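*Asks:* take a look and give me a structure for this.
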Amino acid sequence: MSRPVSKARLSLWLRLLKSTRQIETELRDRMRREFATTLPRFDVMAALDRHKDGLKMSALSQELMVSNGNVTGIIDWLVRHGLVERVAKPGDKRVSLVRLTEAGRAEFARQAAAHEGWVNELLAGFDGTEADQLNTCLERAVTGMEDET
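*Replies:* Below is the predicted model:
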């Protein structure tokens, strides 16, 4: 007798959580060892790399789905280390944007290349087709949740 679909889905959820935590822990450790940085700093730099002209702090917080307070401390650290700068928004000096400096872009490129390699290594148990299939299945789950909200 096969188990109920609700049990299969619960098992899937628990496996996703465990896998994500294990991979995230390994990536966190490698970022600390190789670059003396954290995953949240990497995530902030990745978001800023996608927005070359910079972002308001509120937009950055929204993109990362964290509070402004969480992002402020990270930005302060990145500014102190010359990786990010605060600049006035063109046309509205009251608003400031944060963006990567040239040094920040170079450092992010190094980190991103290593990060991609590590993820590739950690997920080497999946061939390209399997990775695409799993990605499609997980996207279906997220799309289903978005449709309900």
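*Asks:* longest helix of this structure?
*Replies:* When the chain is parsed with DSSP state H, its longest helix is helix 5-35.
*Asks:* immediately after that helix, which helix or strand?
*Replies:* Sequence-wise, the next helix or strand downstream of helix 5-35 (DSSP states H and E) is helix 39-50.
*Asks:* contacting residues around that next one?
*Replies:* Outside helix 39-50, the residues within contact range by CB atoms under 8 Å, 6 or more residues apart in numbering are 24, 27-28, 31, 54-55, 60, 63-64, 70-71, 74-75, 77-78, 83-84, 98-100, 104-105, 107-108, 111-112, 115. (C-beta placed from N, C-alpha, C; glycine too.)
*Asks:* if we go to 6 Å?
*Replies:* 28, 31, 60, 63-64, 74, 99-100, 108, 111 (CB atoms under 6 Å, 6 or more residues apart in numbering).
*Asks:* now it: mean pLDDT?
*Replies:* For helix 39-50, mean pLDDT is 97.
*Asks:* narrow the contacts of helix 39-50 to those in strands?
*Replies:* Assigned to strands by DSSP state E, the following of the contacts of helix 39-50 qualify: 99-100.
*Asks:* same for the longest helix of the chain, what does it pack against?
*Replies:* Applying 3 or more CB pairs under 6 Å, 6 or more residues apart in numbering; DSSP states H and E, we find helix 5-35 packed against helix 102-122.
*Asks:* list the buried ones in the helix it packs on?
*Replies:* 104, 107-108, 111, 114-115, 118 (16 or more other CB atoms under 10 Å).
*Asks:* how close does the residue nearest the centre of the chain get to residue 135?
*Replies:* Geometric centre of the chain, nearest residue: residue 43, 4.2 Å, by CA atoms, centre = their mean. The gap separating residue 43 from residue 135 is 19 Å, by CB to CB, to the nearest Å.
*Asks:* and residue 9, by the same measure?
*Replies:* If you go by CB to CB, the gap between residue 9 and residue 135 works out to 18 Å.
*Asks:* low-scoring stretches of the protein, by residue?
*Replies:* Across the chain, the ranges flagged by pLDDT under 70 are 1, 146-149.
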